[in-house]
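Peer 1: below is the sequence, then the predicted model.
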Amino acid sequence: MRQILLAALLAAVPLQPPATPKHPVKDVYHGVTVTDDYRWLENGQAPAVQRWVDAQNRYSRAVLDSMPNREAIAGRLRELYTRRPASYFGLQWRGGHLFAMKNQPPKEHSLLVLLDSIDDRKSERVLVDPNPMSGRTAIDFFVPSRDGRRIAVSLSQGGSENGTVHVYETATGKETGDVIPRVNGGTAGGSVAWNPDGSGFYYTRYPRPGERAAADLSFYQQVWFHRLGTPEARDHYELGAEFPKIAETTLETSDDGQFVLATVRNGDGGEVEHFLRKRDGNWRQITRFSDSVPIVTFGLDGNLYLLSRKYAPMGAIERMPVADPALASARAIVPAGDSSVESFVPTPHRLYVVTMAGGPSGLKMFGLDGASEGSVPLLPVSAVDDVVRLEGDTIALLNGSFLEPANWVTFDPASGKTRETALKITMPFNFDDAQVERVMVTSKDGTQVPLNIIRRKDAKLDGSSPALLTGYGGYNIAQRPQFSPRARFWLDHGGVYAVANLRGGSEFGERWHEAGKLTHKQNVFDDFAACARYLVDHRYTTPRHLAIIGGSNGGLLMGVQVTQHPEIYRAVVSQVGIYDMLRFERFPNGVFNVTEYGSIRDPEQFRALLAYSPYQHVVAGTHDPAMLMMTGANDPRVDPMNSRKMTAILQAATRSGLPVLLVAEKGRGHGASALSQVIHEQTDIFAFLLHETM
């Protein structure tokens with residue numbers, strides 16, 4: 001009876017997606033004429049576009065909801081994502097208290113809590129719970145005052161990341177009434193830093209309507225100051241008139257509260273400069289974009305500590321006095337090594353330095369004079385996701401791997417050992433039956449690229465297993481070892497799960513990043529294709545069973561794989577991706593991406609963009625893989641027009657008979673979503689992947 005019902009349901013699914021009319025528009029770039037048939041889909045507010053999106057969603061829902069075993073898939077994913085203990089992230093130690101974000105399934109969004117210590121969960125008290133608030137409210141970030149008595153919290157709705165800062169009293173959890181809009185945004189983020197006595201704070205401020213043209217309200221971020229108890233209209237300007245249009249600013253206060261540091265990024269490409277507010281209230285620029293100093297932070301000894309990559313792409317750590325900062329007189333204390341420096345945390349007598357060698361982390365310890373004091377013990381092939389200074393030289397670190405969940409442990413240099421904390425979690429699922437193989441794959445130009453392969457120990461290498469390969473390759477962001485519910489789900493269905501460490505990330509320092517950005521972006525796509533072929537050549541899978549998944553910059557990666565190597569893959573899931581590389585910079589956050597991808601205004605960069613831009617390389621009549629395209633109407637980082645246009649052109653071009661589906665959700669943004677949305681999305685993804693690859 002069930003098979004009859006399923007057959008009837010499948011028969012009711014439309015055989016073809018909605019028709020999409022073509023309205024060609026021709027553009028000329030540096031003497032090259034390019035035709036765009038679906039320019040009309042860029043205007044997401046147009047009634048015709050909204051009707052088209054609704055029709056696409058109806059078609060996709062009909063197909064996805066009819067997939068075999070969908071209910072069982074949804075049930076298992078719901079179990080993996082909700083039947084798990086509460087976990088903590090974003091720890092900050094202030095005023096003798098530990099502030100933390102708490103992820104507590106089945107609550108839709110994480111909440112802000114306060115603990116007396118990392119070893120006392122019984123003392124936990126909820127400060128801000130966004131779940132009862134309207135509009136799918138989420139916490140963007142929080143910053144406690146130096147004494148811990150107050151806390152500034154940015155709240156946004158519906159995945160928009162358009163954050164308004166609210167101030168709460170720690171003792172009561174009540175709001176003070178200070179509300180500052182447009183502090184956080186999906187383009188440049190946002191930040192807050194308190195003054196010494198907690199009577200006010202510095203904050204990042206986007207232009208208000210009327211201060212600039214409507215098209216510029218997502219740009220020109222500045223630093224302003226707000227004093228508690230006064231109206232926002234009395235806030236005053238501090239810094240930023242000289243910042244670039246695409247500035248992305250974060251703020252930090254010294255431990256004594258006397259100095260404020262502004263870290264300013266020139267968009268997303270990795271250029272950084274720093275400004276210091278001294279005791280007299282004057283701001284002084286201490287590094288410039290050309291200095292290649294991505295990190296500056298306050299020590300506890302009256303010094304600033306810097307990560308320099310100008311003459312050391314792997315990163316060297318330098319020091320200079322905060323009272324008289326001069327880059328020319330900065331003293332090198334930790335020279336560059338074989339591993340790339342990712343970050344560092346000064347304590348009263350030590351520097352803890354997080355390193356990376358191809359993906360996995362290391363954590364080294366140095367004296368403030370640069371003397372090596374050994375390494376902090378970590379899980380094998382693991383990631384250090386965070387390091388937090390506690391009291392004295394003791395730190396808390398979040399350490400996890402592909403096979404072990406990330407847990408908070410403390411490290412005391414006096415004992416030289418790590419110790420479990422009260423925040424330890426034990427997951428209801430494990431990877432005891434699995435193993436990680438870390439191999440080096442030869443890319444097209446001979447570069448060796450790390451590939452992590454997670455599979456069950458009893459899996460046969462006969463090509464019969466479905467394989468799921470993912471990667472990112474951009475923005476100096478590494479693919480770190482991560483304990484993943486979706487990897488567990490995939491292995492339970494006989495699959496192989498693989499993660500590629502592509503150029504463009506931070507896996508081997510700044511040179512690795514630069515080898516995958518601007519006019520060198522094709523290297524990223526070649527690396528990924530080489531990893532896919534490795535899985536096939538070594539009998540982990542075959543093209544009939546090989547699927548790939550990626551999002552955002554990883555969505556661009558998916559689009560390029562479909563247009564450059566459609567024969568390798570059976571199924572592709574691409575989330576919030578960029579596909580029209582000739583048009584992306586015409587949208588607000590696309591301007592921030594120019595320092596990573598390049599601009600059509602530059603002839604050489606235009607040629608590189610045109611050479612790989614997925615939307616311009618879809619070929620009619622190609623036997624393309626099955627495609628699941630996913631986007632959110634509230635995405636502030638990648639305009640949904642990319643997914644609309646790419647879906648339309650692929651649906652018109654493919655001759656494989658495999659579906660090209662678009663899921664465009666109105667209440668979604670670019671990244672973090674409500675838990676129920678995550679489960680629903682993962683159900684769509686894995687119902688689709690299993691149907692296509694098994």
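Peer 2: Received it, and whenever you're ready, just let me know what you need. Residues are numbered from 1 along each chain as shown.
Peer 1: per-residue pLDDT, residue 671?
Peer 2: According to the predicted model, the pLDDT of residue 671 comes to 64.
Peer 1: could you do residue 13 as well?
Peer 2: The per-residue pLDDT reported for residue 13 equals 48.
Peer 1: likewise for residue 626?
Peer 2: Residue 626 is assigned a predicted lDDT (pLDDT) of 98.
Peer 1: nearest spatial neighbour of it, skipping sequence neighbours?
Peer 2: In space, and not counting its chain neighbours, residue 626 is closest to residue 658: 3.8 Å by CB to CB, 6 or more residues apart in numbering. Every C-beta, even on glycine, is put in place using the N, C-alpha and C of the backbone.
Peer 1: which parts of the protein are helices?
Peer 2: Secondary structure of the chain (DSSP state H): helices located at 2-12, 47-65, 70-82, 485-492, 510-514, 522-537, 553-564, 588-597, 603-612, 641-653, 675-693.
Peer 1: ok so, going back, I'd say the residue nearest to residue 626 and residue 622 touch.
Peer 2: No - with contact defined as CB atoms under 8 Å, residue 658 does not reach residue 622; the gap is 11.2 Å.
Peer 1: mind listing what's buried in stretch 583-602?
Peer 2: Applying a neighbour-count criterion of 16 or more other CB atoms under 10 Å, one finds 583-585, 587-600 buried in stretch 583-602.
Peer 1: stretch 120-134 now?
Peer 2: Burial within stretch 120-134, assessed by neighbour count using 16+ other CB under 10 Å, is assigned to 121, 124, 127, 128, 129, 130.
Peer 1: ok, now stretch 430-448?
Peer 2: For stretch 430-448, by 16+ other CB under 10 Å, it's 431, 434, 436, 438, 441, 443, 447.
Peer 1: what lies in contact with it?
Peer 2: Judged by CB atoms under 8 Å, 6 or more residues apart in numbering, the contacts made with stretch 430-448 from elsewhere in the structure are 359, 381, 401-404, 449-458, 481, 483, 487-488, 491, 500, 503, 515, 523, 526-527, 529-531, 534.
Peer 1: distance from the chain centre to it, please.
Peer 2: Put simply, stretch 430-448 sits 22 Å off its chain's centre (CA atoms, centre = their mean, to the nearest Å).
Peer 1: what's the answer for stretch 206-226, then?
Peer 2: Stretch 206-226 has its average C-alpha position 25 Å from the chain's average C-alpha position, going by CA atoms, centre = their mean.
Peer 1: list the contacts of that stretch.
Peer 2: The contact list for stretch 206-226, computed with CB under 8 Å, 6+ apart, reads 178, 180, 182-183, 185-188, 195, 200-205, 232, 235-241, 243, 245-249, 251, 262, 588-589, 591, 636.
Peer 1: domain ranges for this structure?
Peer 2: If the domains of the chain are taken from automatic domain parsing, they occupy 2-80+429-693, 86-245, 259-337, 342-426, with pieces of a single domain joined by a plus sign.
Peer 1: now the third one: mean pLDDT?
Peer 2: pLDDT averaged over domain 259-337 equals 96, rounded to a whole number.
Peer 1: returning to that earlier point: and which of the buried residues of stretch 120-134 is nearest to residue 63?
Peer 2: Residue 63 has its nearest neighbour among the buried residues of stretch 120-134 in residue 130, at 33.9 Å by CB to CB.
Peer 1: report how many residues lie close to the closest residue to the closest one other than its chain neighbours.
Peer 2: Spatially, and ignoring its direct neighbours in sequence, residue 130 is nearest to residue 137 (4.2 Å; CB to CB, 6+ apart). Neighbours of residue 137 under the rule other CB atoms under 10 Å: 18.
Peer 1: so how far is residue 162 from residue 137?
Peer 2: In this structure, residue 137 and residue 162 are 11 Å apart, going by CB to CB, to the nearest Å.
Peer 1: next one: residue 298 from residue 320, what distance?
Peer 2: 12 Å.
Peer 1: joint contacts of those two?
Peer 2: Shared contacts of residue 298 and residue 320 (CB under 8 Å, 6+ apart): residue 304.
Peer 1: residue contacts, the residue nearest to residue 26 when sequence neighbours are not counted?
Peer 2: Distance criterion CB to CB, 6+ apart; nearest residue to residue 26, sequence neighbours excluded, is residue 35 at 5.4 Å. If you count contacts by CB under 8 Å, 6+ apart, residue 35 has them with 24, 25, 26.
Peer 1: then residue 126?
Peer 2: Residue 126 makes contacts with 111, 112, 113, 173, as judged by CB under 8 Å, 6+ apart.
Peer 1: those residues, buried ones only, as a ChimeraX selection?
Peer 2: Here is the ChimeraX command that selects the buried residues among the contacts of residue 126 (16+ other CB under 10 Å):
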select :111,112,113
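Peer 1: tell me which of the contacts of residue 126 fall in strands.
Peer 2: Assigned to strands by DSSP state E, the following of the contacts of residue 126 qualify: 111, 112, 113.
Peer 1: the second one against residue 153, yeah?
Peer 2: Yes - A contact is recorded between residue 112 and residue 153 when judged using CB under 8 Å, the distance being 6.5 Å.
Peer 1: any common contacting residues for the two?
Peer 2: Shared contacts of residue 112 and residue 153, counting by CB under 8 Å, 6+ apart, come down to 128, 139, 142.
Peer 1: residue 647: which of the residues you listed is nearest?
Peer 2: The nearest member of these to residue 647, counting by CB to CB, is residue 139 at 32.5 Å.
Peer 1: ok, that closest one touching residue 155?
Peer 2: Yes - counting by CB under 8 Å, residue 155 is a contact partner of residue 139 at 6.2 Å.
Peer 1: which neighbours do the two have in common?
Peer 2: Counting by CB under 8 Å, 6+ apart, the contacts common to residue 139 and residue 155 are residue 130.
Peer 1: tell me which of the buried residues of stretch 430-448 is nearest to residue 90?
Peer 2: Nearest to residue 90, judged by CB to CB, of the buried residues of stretch 430-448 is residue 431 at 25.6 Å.
Peer 1: buried sites along stretch 263-270?
Peer 2: Judged by neighbour count using 16+ other CB under 10 Å, the buried positions of stretch 263-270 are 263, 264, 265, 266, 267, 268, 269, 270.
Peer 1: show me what that stretch is in contact with.
Peer 2: Residues external to stretch 263-270 that are found in contact with it (CB under 8 Å, 6+ apart): 243-244, 246-252, 271-275, 289, 294-296, 475-476, 510, 513, 517-518, 591-596.
Peer 1: show me where the stretch 301-450 of the chain has strands.
Peer 2: With DSSP state E, counting those that start in this stretch applied, the stretch 301-450 of the chain shows strands at 303-308, 316-321, 331-334, 340-346, 350-356, 361-367, 372-375, 382-389, 395-401, 407-412, 417-420, 434-442, 448-456, listed in chain order.
Peer 1: by contact count, what packs against the third one?
Peer 2: The contact analysis (3 or more CB pairs under 8 Å, 6 or more residues apart in numbering; DSSP states H and E) places strand 331-334 against strand 316-321, strand 350-356.
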